[in-house]
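**Student:** Sequence first, then the predicted structure, then my questions.
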Amino acid sequence: MMDRYTKLQMAGIYFAITIFLIFILLPFFEMFMTSLRPLEHLFRSPYQFWSDDFSFDAYSQMWVTVPLLGRYILNSIFIATSVTAITMVFVIPAAYAYARLDFPFKSASLAIFLGVNMFTGAVLLIPLYRVLRTLGLLNTYWAMIVPGVAFLIPTGIWLLRSYLEKIPRELEEAAYVDGASRMYTLRRVVLPLAVPGLIVVGVAVFIGAYAQQFLFAITFNQQRELQPLPAGLYEFIGYQSVTWNEMMAAALVGVLPVMVIFLFLQKYLVAGLTAGAVKE
Amino acid sequence: MCGIILVAFIFAFGMVRKVDRFAAAAMLTMGGCNLAEMTDLTDAARAIEGTRRKVLPEAWFAWLLVAPAMLFIAVIVAWPLAETIRLSFMEADLGGEHYVGLANYQDLLESRKFHDTIIRTFYWMFLSVSLKLILGLIGAVLLNAAVPGRGLFRVLVMPPWVIPIAIGCIGWLWLYNGYFGILSGTAQAIGLTDGPFEFLAYKNSAFYSAIVTDVWVGTPMVTLFFLAAMQGVSRDLYEAAWVDGAGRWYRFRRITIPQIMPVIVSMALLSAIWTFNSFEIIWILTEGGPRSATTTLIVDTYKTAIGNFKFGEGAARAVVIVALLATFSLFYLFFLNKVNKHYGVK
């Protein structure tokens, strides 16, 4: 009853949603259209909205122009997955400590973690380069994974902590009474209960890792075979000309696997964000 | 010493009141760090605990859990940060480095250009974050409306957040192209401009174009968090207000907004920090040009340090960024505290 809209209101809502979605999806539409146009048509002037020579040639030709494209797509996913896995290993225990336990310097150390949010890779690029060189990690996958992990740990702790706080304490206390050790309680009681929250935080960390590979990749890695997709796309910029149509096609195909996985997980994401919403 | 008193107290307390085992055990743990030394009292402890087991003291356990993350951050963030501060007092380039004191900072203080960059960065941040919050709020309301198809709309909003930022920017690069982009094409078709319009070629249009792209990248996440917060608001509140005859707008203003305020303010801070440091978008679209129109502090730092190999001057700029953001955050958190008090949160 309360939620019922009049016809006019319905129309208004759909109209507004359409405008909003046009803004969000316009670049993808443009990338798709560009990928369909033959290269010589791309540079036709004046501008044409439609033409009859659209083709999907770019989608087959791109694998020839940039032979390592498949590798780049997989690299992107591999790096983001590794960052997520490692980040979670650090985040889960720490988030539990901040959600449940009392210890000296608790709020001070939490503030330090949150303070890390103030830095991005770009601020610390030069010294970070030196540190990675000292550790011997330059030009390896680790050069792109390690900084990613460091900058995502704070976000992970912050998100997971608020989720864990909402799990009732009684179960842990019951386990304690039954003689479970602290570690056992964390592993066998808390973690299974926190699975929805872990998925949300995992997906959020993955997105963070997937979205921000570009800078670390172009700065810390010179090995072509290890490059992630965003850096690899720049190979379409050749000496003579840029094959824009293939670049767009590659970009769209490249993000497709992650988009599909994300489609399956998005339900958990919205639901999980509600459960562990950012309440301070 | 306090541990002994505590255990003795628990002992007495336990005898008199027959407290349950858990409470006793919990209290034991609190004083647990001293337990090992008190051999003469372990019997007493055993009597209450029933079973004898070693429980790691809470504080130790907690630090055991936090330490790995702390250590990682120390190596990858704190060490480079210390190095940045050290470098900022150096004249450093590929050839080597030597101490110059505050000279780098002095240069920045006297540079008109740098002042302009700071102002431009704050303008960039305020404009972009405001737009993200407003659009995010509108988007969340729309996606929260009970209309058929909203599940699909929710999915369609997310792509800019999910894909690599650099890839989204490539799409925008083409959109902004005067000859081949659909924006300029449409503008010509409906007669807004006579010829092709290059969005990224003029100072103002380049700046606002970059803002639009930044808003595009940042809005989906804000929308999603607001949506999640809105769904967390109890339906009872709305129903009670509805029964009392409150209209939609009234309910939005008086229930939704106050209820999700804590999320709005914390999202605003995070978003502000990220926008302040937003690098890839500007770098890919304009590299800070034309004529520095889109050069924010982070772009300036990158150009100085990586582009021109002036590591010392770059480091001084990085320190300024951190100092500005820290000051901003402190002020903001102070404000956040007040807002939370006002809305009765914790």
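**Tutor:** Thanks, I have the structure now.
**Student:** Residue A:25 contacts residue B:159, doesn't it?
**Tutor:** Yes. If you go by Cβ atoms under 8 Å, residue A:25 and residue B:159 touch, sitting 7.3 Å apart. No exception for glycine: its C-beta is placed from N, CA and C like everyone else's.
**Student:** where do the helices sit along the stretch 101-250 of chain B?
**Tutor:** With helices called from DSSP state H, counting those that start in this stretch, the stretch 101-250 of chain B shows them at B:103-110, B:112-144, B:150-157, B:159-162, B:165-175, B:182-189, B:203-232, B:235-243, B:248-251.
**Student:** so can I have TSV of the ones you listed showing mean neighbour count, distance to residue A:210 and mean pLDDT?
**Tutor:** Formatted as TSV, the helices of the stretch 101-250 of chain B follow (neighbours: other Cβ atoms under 10 Å in any protein chain shown; distance: least, Cβ to Cβ, whole Å; pLDDT from 0 to 100):
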stretch	mean neighbour count	distance to residue A:210	mean pLDDT
helix B:103-110	15	35	88
helix B:112-144	18	20	93
helix B:150-157	17	17	86
helix B:159-162	21	7	88
helix B:165-175	24	10	90
helix B:182-189	18	27	82
helix B:203-232	22	13	90
helix B:235-243	14	35	86
helix B:248-251	14	38	86
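**Student:** Just send these back as CSV, with distance to chain A too.
**Tutor:** Shown next, in CSV, are the helices of the stretch 101-250 of chain B (distance: least, Cβ to the nearest Cβ, whole Å):
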stretch, distance to chain A
helix B:103-110, 14
helix B:112-144, 5
helix B:150-157, 6
helix B:159-162, 5
helix B:165-175, 3
helix B:182-189, 3
helix B:203-232, 3
helix B:235-243, 5
helix B:248-251, 9
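**Student:** can you tell which of those is closest to residue A:126?
**Tutor:** Of all these, helix B:103-110 sits nearest to residue A:126, with 13.7 Å by Cβ to Cβ.
**Student:** The closest one packs against which elements?
**Tutor:** strand B:90-93, helix B:311-342 (3 or more Cβ pairs under 8 Å, 6 or more residues apart in numbering or on different chains; DSSP states H and E).
**Student:** Please produce JSON lines containing these, extended by mean pLDDT, mean neighbour count and distance to chain A.
**Tutor:** Formatted as JSON lines, the helices and strands packed on helix B:103-110 follow (pLDDT from 0 to 100; neighbours: other Cβ atoms under 10 Å in any protein chain shown; distance: least, Cβ to the nearest Cβ, whole Å):
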{"stretch": "strand B:90-93", "mean pLDDT": "84", "mean neighbour count": "19", "distance to chain A": "9"}
{"stretch": "helix B:311-342", "mean pLDDT": "85", "mean neighbour count": "18", "distance to chain A": "5"}
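**Student:** Nearest to residue B:70, out of those?
**Tutor:** Closest among the helices and strands packed on helix B:103-110, using Cβ to Cβ: helix B:311-342, at 19.2 Å.
**Student:** quick one, that closest one and helix B:103-110 angle?
**Tutor:** Put simply, helix B:311-342 runs at 60 degrees to helix B:103-110, going by axes from the mean of the first three to the mean of the last three Cα atoms, to 10 degrees.
**Student:** re earlier: can you put the helices and strands packed on helix B:103-110 in CSV and add distance to residue A:221?
**Tutor:** CSV is the format used below for those (distance: least, Cβ to Cβ, whole Å):
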stretch, distance to residue A:221
strand B:90-93, 23
helix B:311-342, 20
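**Student:** Between those, which one is closest to residue B:126.
**Tutor:** When the helices and strands packed on helix B:103-110 are compared by Cβ to Cβ, helix B:311-342 sits nearest residue B:126, at 10.8 Å.
**Student:** got a list of what residue B:306 touches?
**Tutor:** The contact partners of residue B:306, taken as Cβ atoms under 8 Å, 6 or more residues apart in numbering or on different chains, are A:125-126, A:219, B:314.
**Student:** mind listing the helices for chain A?
**Tutor:** With helices called from DSSP state H, chain A shows them at A:7-36, A:39-42, A:57-65, A:69-100, A:106-116, A:125-134, A:141-164, A:170-177, A:182-184, A:191-193, A:195-211, A:214-220, A:229-232, A:244-275.
**Student:** Show me what counts as buried in the third one.
**Tutor:** Of the residues in helix A:57-65, those buried by neighbour count under the rule 16 or more other Cβ atoms under 10 Å in any protein chain shown are A:58-59, A:61-62.
**Student:** For it, C-alpha coordinates in CSV please.
**Tutor:** This file holds the C-alpha atoms of helix A:57-65, laid out as CSV (Å, rounded to 0.1, in the frame of the first residue of the first chain):
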residue,chain,number,x,y,z
ASP,A,57,36.2,-8.1,-37.6
ALA,A,58,37.9,-6.2,-34.8
TYR,A,59,36.9,-9.0,-32.4
SER,A,60,38.9,-11.6,-34.3
GLN,A,61,41.7,-9.3,-35.6
MET,A,62,42.6,-8.0,-32.1
TRP,A,63,44.1,-11.4,-31.1
VAL,A,64,46.5,-11.1,-34.1
THR,A,65,47.5,-7.5,-33.5
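**Student:** What count of nearby residues applies to residue A:53?
**Tutor:** If you count neighbours by other Cβ atoms under 10 Å in any protein chain shown, residue A:53 ends up with 9.
**Student:** from memory it sits against residue A:42, does it?
**Tutor:** No. Counting by Cβ under 8 Å, residue A:53 does not reach residue A:42; the two are 10.9 Å apart.
**Student:** For the closest residue to residue A:138 other than its chain neighbours, the count of nearby residues, please.
**Tutor:** Nearest non-adjacent residue to residue A:138, counting by Cβ to Cβ, 6 or more residues apart in numbering or on different chains: residue A:132, 5.3 Å away. Using other Cβ under 10 Å, the number of residues around residue A:132 comes to 24.
**Student:** what residues are up against residue A:132?
**Tutor:** With Cβ under 8 Å, 6+ apart, residue A:132 has these contacts: A:138, A:143, A:146-147, A:220.
**Student:** ok, now with 6 Å
**Tutor:** A:138, A:143, A:220 (Cβ atoms under 6 Å, 6 or more residues apart in numbering or on different chains).
**Student:** hang on, the earlier thing: any chance of the contacts of residue B:306 in JSON lines, with distance to residue B:138 too?
**Tutor:** Output for the contacts of residue B:306, formatted as JSON lines (distance: Cβ to Cβ, whole Å):
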{"residue": "A:125", "distance to residue B:138": "36"}
{"residue": "A:126", "distance to residue B:138": "41"}
{"residue": "A:219", "distance to residue B:138": "37"}
{"residue": "B:314", "distance to residue B:138": "39"}
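**Student:** For those, name the two members farthest from one another.
**Tutor:** A:219 and B:314 (13.2 Å).
**Student:** For the residue nearest to residue B:295 when sequence neighbours are not counted, which three-state class applies?
**Tutor:** Excluding the flanking residues, the one nearest residue B:295 by Cβ to Cβ, 6+ apart is residue B:288, at 3.8 Å. The local conformation at residue B:288, judged by DSSP: H, G, I helix; E, B strand; the rest coil, is coil.
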